[in-house]
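Engineer: Prediction below, plus the sequence it came from.
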Amino acid sequence: MRILVTGATGHVGRHLVAQLHEAGHAVRALTRNPAKAGLPNGVEVVAGDLTDPTSLEAAFEGMDAVHLITFGGDELEDLANGTDIVELTARSGIRRATVLGGWAATSIEEALAVSSISWTIVQPAEFMGNALEFVPEVRATRTVSMLANYPSAVVHEADIASVAATALTTEGHAGKAYPLTGPEALTPAERTLLLADAAGEPIEFVQLSVEAERERLRGYGYDEDYVEFGIQLATNPPQAANTVLSTIEEVTGRPPRTFAQWAKEHAHQFRGLA
């Protein structure tokens, strides 16, 4: 199959490109900066910006299927031009699409729902890769500091990609939304222990106060609305956060990867600089 992957240099997109390429499909990878893509040899890398549909026409031409993301631009905001993108998809003759969905439907999902395109939405729980935001702190102080300490069934990005790859290349997934989780629900403190074990160095979990968490989030440059959203999420987590689902194995035939596996893959990033 000829498959276009948007968001090709993202945490999920890189895995999806690699998996499709290894399976023998002709992969075209869309990115805003092809020179920095760093994707496997043999993958066609093209420039395009999802916030500007006029930049996408050549990329969509000649494809059989497409993987779409729902955000774009420098701030990674929800795309408002989903209708334009879906219309381009249909006009290009693409008849199958997967979407990396979030907590709420965006213009992409809404446009696909009323289109003639066969669509599948993958809806991951918290990414295991979110732990990477703590790399600078771990390297500096050997700590992971945050307010939230509820169990979450975090999911490996490669497993998200595997579900998307399956839906793109096999039958039986049209019109389905697949909620995805990892194989176990772990608290941040438990994940910190696994990171320490993988890195072979001590890492301590520090639970912050509400006000300290506000300051931590502000330190990332988030606006006050997002800061308060983060506080609400930490203190009132969604009920589904700790629910473990069997979707990944049901769709792909393989059990989902554990956080311990993810930690081993990224252990070098959490080791001290000395």
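Structural biologist: Received it, and whenever you're ready, just let me know what you need. Numbers count the residues shown, from 1 in each chain.

Engineer: Give the full set of residues in contact with residue 63.
Structural biologist: Counting by CB atoms under 8 Å, 6 or more residues apart in numbering, residue 63 touches 2, 3, 4, 28, 92, 93, 94. Backbone N, C-alpha and C define where each C-beta goes, glycine included.

Engineer: for the nearest residue to it once chain neighbours are set aside, phi and psi?
Structural biologist: Excluding the flanking residues, the one nearest residue 63 by CB to CB, 6 or more residues apart in numbering is residue 4, at 4.5 Å. Dihedral pair for residue 4: phi -100, psi 130, per degrees, to the nearest 10.

Engineer: go on, the one 4 residues further on?
Structural biologist: According to degrees, to the nearest 10, the main-chain angles of residue 8 amount to phi -70, psi -20.

Engineer: Is the residue nearest to it when sequence neighbours are not counted bridged to anything, and to what?
Structural biologist: Distance criterion CB to CB, 6+ apart; nearest residue to residue 8, sequence neighbours excluded, is residue 29 at 3.5 Å. Note on residue 29: beta-bridge partners residue 5, residue 45, judged by DSSP bridges.

Engineer: For residue 29, the count of nearby residues, please.
Structural biologist: 28 (other CB atoms under 10 Å).

Engineer: By neighbours, which of the contacts of residue 63 wins?
Structural biologist: residue 4 (29 neighbours).

Engineer: Show the pLDDT at that one.
Structural biologist: Residue 4 carries a pLDDT value of 98.

Engineer: Please apply the same query to residue 72.
Structural biologist: On the pLDDT scale, residue 72 is placed at 77.

Engineer: which residues touch it?
Structural biologist: 49, 50, 51, 79.

Engineer: can you do 10 Å?
Structural biologist: Applying CB atoms under 10 Å, 6 or more residues apart in numbering to residue 72 gives the contacts 6, 7, 32, 49, 50, 51, 52, 78, 79, 80, 81, 85.

Engineer: on that earlier part again, I'd like the list of the contacts of residue 63 that fall within strands, please.
Structural biologist: Counting by DSSP state E, those place 2, 3, 4, 28 in strands.

Engineer: Show me which of the residues you listed is closest to residue 228.
Structural biologist: residue 4 (37.5 Å; CB to CB).

Engineer: Wait, that closest one touches residue 65, no?
Structural biologist: Yes: here residue 4 reaches residue 65: they are 7.4 Å apart, a contact under CB atoms under 10 Å.

Engineer: which residues are in contact with both of the two?
Structural biologist: With CB under 10 Å, 6+ apart, residue 4 and residue 65 have common neighbours 89, 94, 97, 168.

Engineer: out of those residues, which are inside strands?
Structural biologist: Going by DSSP E, the strands hold residue 97 from the shared contacts of residue 4 and residue 65.

Engineer: Helices - which of the shared contacts of residue 4 and residue 65 land there?
Structural biologist: Mapping the shared contacts of residue 4 and residue 65 onto helices (DSSP state H) picks out 89, 168.

Engineer: does residue 119 count as helix, strand or coil?
Structural biologist: strand (DSSP: H, G, I helix; E, B strand; the rest coil).

Engineer: what ranges do the strands span in the protein?
Structural biologist: Using DSSP E, strands in the chain cover 2-5, 26-31, 44-47, 65-69, 71-72, 77-78, 96-100, 118-124, 143-146, 176-180, 204-207.

Engineer: for residue 200, what are its contacts?
Structural biologist: Residue 200 touches 267, 270, 271, counting by CB under 10 Å, 6+ apart.
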